[in-house]
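In: no sequence on hand, only this structure:
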């Protein structure tokens with residue numbers, strides 16, 4: 001187990017490093033820059049801006065400087081004024097010296113919004129995307145797993161056909177269609193929920209359903225197929241032959257093994273819901289991080305692109321790592337040697 005944790009940690013770090021290298025060098029190959037405008041700025045101003053943000057250095061040096069600011073912690077003393085170029089995500093005060101503080105993870109300033117740092121953007125807008133992603137995940141699980149279970153236990157029945165019809169409907173209607181449809185029917189015609197905005201539980205319901213319903217269809221179909229396979233295994237027939245009640249056979253013996261393929265999908269699915277909220281945020285007017293990711297690409301905001309990409313990559317690799325650990329609980333036969 002220790003070896004597995006070590007290998008996984010090294011693999012996680014390698015993935016983050018590879019993503020950082022690929023993202024950093026590819027985004028500099030795209031024509032244009034963070035200060036490109038329809039009305040071209042005078043060359044003197046462009047030179048001054050590039051020199052201020054060190055964009056006139058060689059690309060390899062820019063990468064080394066960026067990763068150094070991000071990964072190498074700094075220790076400061078005394079009160080520190082806010083600066084967009086020196087804003088750290090973690091600030092830990094030490095019980096020694098005169099306001100001695102360890103500062104770590106500086107994603108740098110935003111080139112397009114020069115009054116804000118990338119850390120400021122992340123701290124303000126990531127919680128919105130995170131709450132939406134968690135709520136959407138809950139919607140997908142609450143709808144998808146029970147539908148798939150009912151369909152498997154009532155194979156070729158009306159319940160099975162109904163469950164799979166809902167799954168097909170979920171796959172067929174994307175969030176960009178379901179969102180406005182929910183706004184019109186539930187928000188405008190019925191007036192049950194607000195059509196946009198953020199801050200209350202009522203404002204979270206429709207975006208979460210819009211984003212999570214399509215994923216619930218995936219979980220329903222996967223749960224049905226996996227549970228049907230498990231129900232035909234020898235140990236399930238043995239459990240029934242011993243006289244165990246049908247619900248005990250399903251809950252205690254079948255569901256755990258049936259959930260292994262589902263859990264495999266849940267990790268990347270959560271990361272996808274967390275990072276793929278741009279359309280839903282746009283439809284419902286949510287101040288999430290997804291819109292800043294798209295805007296930063298359009299405006300060549302290098303620091304914001306790097307910050308959001310590395311953050312999303314971190315969530316993906318951590319979600320997959322948690323999935324691997326869950327395998328042991330679901331099936332004790334699985335060991336990480």
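Out: Yep, that arrived. No experiment lies behind these values; they were computed from the predicted model shown.

In: for the host helix or strand of residue 263, buried residues please.
Out: Secondary structure assignment for residue 263, by DSSP states H and E: helix 255-275. By neighbour count on 16 or more other Cβ atoms under 10 Å, the buried set for helix 255-275 is 255, 257-262, 264-267, 269-275. C-beta coordinates here come from the backbone N, C-alpha and C atoms, glycine included.

In: counting neighbours, what do you get for the closest residue to residue 269 other than its chain neighbours?
Out: Nearest non-adjacent residue to residue 269, counting by Cβ to Cβ, 6 or more residues apart in numbering: residue 215, 5.8 Å away. Look at residue 215: counted by other Cβ atoms under 10 Å, it has 25 neighbours.

In: one more: residue 61?
Out: Other residues near residue 61 come to 10 when the count uses other Cβ under 10 Å.

In: which ones are touching it?
Out: Neighbour list for residue 61: empty [criterion: Cβ atoms under 8 Å, 6 or more residues apart in numbering].

In: and the pLDDT at it?
Out: At residue 61, the pLDDT value in this model is 90.

In: repeat that for residue 20.
Out: Reading off the confidence values, residue 20 has pLDDT 91.

In: how near is it to residue 289?
Out: According to Cβ to Cβ, to the nearest Å, residue 20 and residue 289 sit 18 Å apart.

In: and the two? which has more neighbours close in?
Out: Comparing residue 20 with residue 289 by other Cβ under 10 Å, the one with more neighbours is residue 289, at 27 against 19.

In: which secondary structure element of the chain has the lowest mean pLDDT?
Out: Each helix and strand of the chain was given a mean pLDDT (mean pLDDT, DSSP states H and E); the minimum falls on helix 246-248 at a mean of 70.

In: how close does residue 323 get to residue 51?
Out: Counting by Cβ to Cβ, the gap from residue 323 to residue 51 is 46 Å.

In: tell me which of these two has more neighbours.
Out: A direct count of neighbours by other Cβ under 10 Å for residue 323 and residue 51 places residue 323 higher, at 17 against 11.

In: that one reaches residue 262, doesn't it?
Out: No - Residue 323 is beyond contact range of residue 262, at 10.2 Å (criterion: Cβ atoms under 8 Å).

In: outside of the helix holding residue 263, which residues touch it?
Out: The contact list for helix 255-275 (Cβ under 8 Å, 6+ apart) reads 129-130, 132-133, 136-137, 140-141, 145, 149, 152, 211-212, 215, 218-219, 222-223, 225-227, 229-230, 233, 290, 293, 312, 315-316, 319-320, 322-323, 326-327, 330-331.

In: could you measure from residue 326 over to residue 300?
Out: The value you get for residue 326 to residue 300, if Cβ to Cβ is used, is 40 Å.

In: below-threshold pLDDT in the protein: ranges please.
Out: Low-confidence segments of the chain (pLDDT under 70): 1-2, 4, 38, 97-98, 244, 246, 253, 275-276, 328-337.

In: quick one: the strands in it?
Out: Remark: strands assigned in the chain by DSSP state E are 74-76, 90-93, 101-104.

In: on contacts alone, who are the packing partners of the second one?
Out: What that stands for is strand 90-93. When contacts are defined as 3 or more Cβ pairs under 8 Å, 6 or more residues apart in numbering; DSSP states H and E, strand 90-93 sits against strand 101-104.

In: show me what counts as buried in the strand it packs on.
Out: Neighbour-count burial for strand 101-104, counted by 16+ other Cβ under 10 Å, picks out 101, 103.

In: so what touches that strand?
Out: Defining contact as Cβ under 8 Å, 6+ apart, one finds that strand 101-104 is touched by 73-77, 80, 88-94.
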